[in-house]
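In: everything below, folded, please.
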Amino acid sequence: MSSGVIGVLLLALGGFLVGGVYSTWKTAKFLAVVLGIAALLAIGGAIFWFMG
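Out: Numbers count the residues shown, from 1 in each chain. Predicted structure coming up:
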């Protein structure tokens with residue numbers, strides 16, 4: 001697997017998690033916060049992956 005593919009997969013995971021935050025915000029705020037933190041970590045990891 002090339003390094004570009006891993007970065008794109010991390011971005012896709014971050015987007016998927018952001019969608020989870022959007023869909024769970026009204027019903028389960030704690031879960032939405034946890035998903036939001038995971039999304040930030042995935043997107044941040046992708047940014048660092050592309051920079052490195």
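In: any idea which helix or strand comes after the helix or strand harbouring G15?
Out: In this structure, G15 is located in helix 3-24 according to DSSP states H and E. Going down the chain from helix 3-24, the next helix or strand is helix 29-51, by DSSP H and E.
In: got the CA coordinates for that next one in CSV?
Out: Extracted in CSV, the C-alpha atoms of helix 29-51 (Å, rounded to 0.1, in the frame of the first residue of the first chain):
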residue,chain,number,x,y,z
LYS,A,29,-24.3,14.0,22.7
PHE,A,30,-21.6,12.0,24.6
LEU,A,31,-21.2,9.6,21.8
ALA,A,32,-21.1,12.5,19.3
VAL,A,33,-18.2,14.1,21.3
VAL,A,34,-16.3,10.8,21.3
LEU,A,35,-16.8,10.4,17.6
GLY,A,36,-15.7,14.0,17.1
ILE,A,37,-12.5,13.5,19.0
ALA,A,38,-11.8,10.3,16.9
ALA,A,39,-12.5,12.3,13.7
LEU,A,40,-10.1,15.0,14.7
LEU,A,41,-7.4,12.4,15.4
ALA,A,42,-8.0,10.7,12.1
ILE,A,43,-7.9,14.0,10.1
GLY,A,44,-4.9,15.2,12.1
GLY,A,45,-3.1,11.9,11.4
ALA,A,46,-3.9,12.3,7.7
ILE,A,47,-2.4,15.8,7.6
PHE,A,48,0.7,14.6,9.4
TRP,A,49,1.0,11.6,7.1
PHE,A,50,0.9,13.8,4.0
MET,A,51,3.4,16.2,5.5
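In: helices or strands next to it in the packing?
Out: Here helix 29-51 touches helix 3-24, going by 3 or more C-beta pairs under 8 Å, 6 or more residues apart in numbering; DSSP states H and E. For every residue, glycine as well, the C-beta is placed using N, CA and C.
In: tell me what angle the helix it packs on forms with helix 29-51.
Out: Inter-element angle recorded for helix 3-24 and helix 29-51: 160 degrees (by axes from the mean of the first three to the mean of the last three C-alpha atoms, to 10 degrees).
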